[in-house]
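Peer 1: sequence and computational prediction follow.
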Amino acid sequence: MSVYVGNLSYEVTEEGLTSVFAEYGSVKRVQLPTDRETGRVRGFAFVEMSSEAEELAAIDALDGAEWMGRDMKVNKAKPREDKGSFGGNRGNKSFRNRY
């Protein structure tokens, strides 16, 4: 499992996030998605730590904490959903059957 970190500054780096989360345990991986068009950080990240206890400690300490001028939103990451062939919910049967 991993931790979702939202409302991040667009100036954030993987190294910066690693150092913040390392205070609560061993950071295994940081994913910092970027926009395909601009290459700019999208304002959220996923952090994977060595244990669930470390993740929970980080969530408790960092959710709502101010960092780089923003109040971070930190919680358990939700599993990724399959969005279908059209993306979003547009790939439902009623849409396909209209044409």
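Peer 2: It's in. Numbers count the residues shown, from 1 in each chain.

Peer 1: quick one: low-confidence ranges for the protein?
Peer 2: Applying pLDDT under 70 to the chain flags residues 83-99.

Peer 1: mind listing the strands for it?
Peer 2: Using DSSP state E, the strands of the chain run over residues 3-6, 27-31, 45-49, 66-67, 70-71, 73-76.

Peer 1: so which of the ones you listed comes closest to Val12?
Peer 2: Of all the strands of the chain, strand 45-49 sits nearest to Val12, with 7.1 Å by Cβ to Cβ. Every residue, glycine included, has its C-beta placed from N, CA and C.

Peer 1: this protein: helices as residue ranges?
Peer 2: Ranges of helices in the chain, per DSSP state H, are 14-21, 52-62, 93-97.

Peer 1: now distance to Arg40 too, for those, in a markdown table please.
Peer 2: Below are the helices of the chain laid out as a markdown table (distance: least, Cβ to Cβ, whole Å):
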| stretch | distance to Arg40 |
| --- | --- |
| helix 14-21 | 14 |
| helix 52-62 | 23 |
| helix 93-97 | 32 |
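
Peer 1: Gly39 is nearest to which of those?
Peer 2: Gly39 lies closest to helix 14-21 among the helices of the chain, at 14.5 Å (Cβ to Cβ).

Peer 1: sweet, I'm off.
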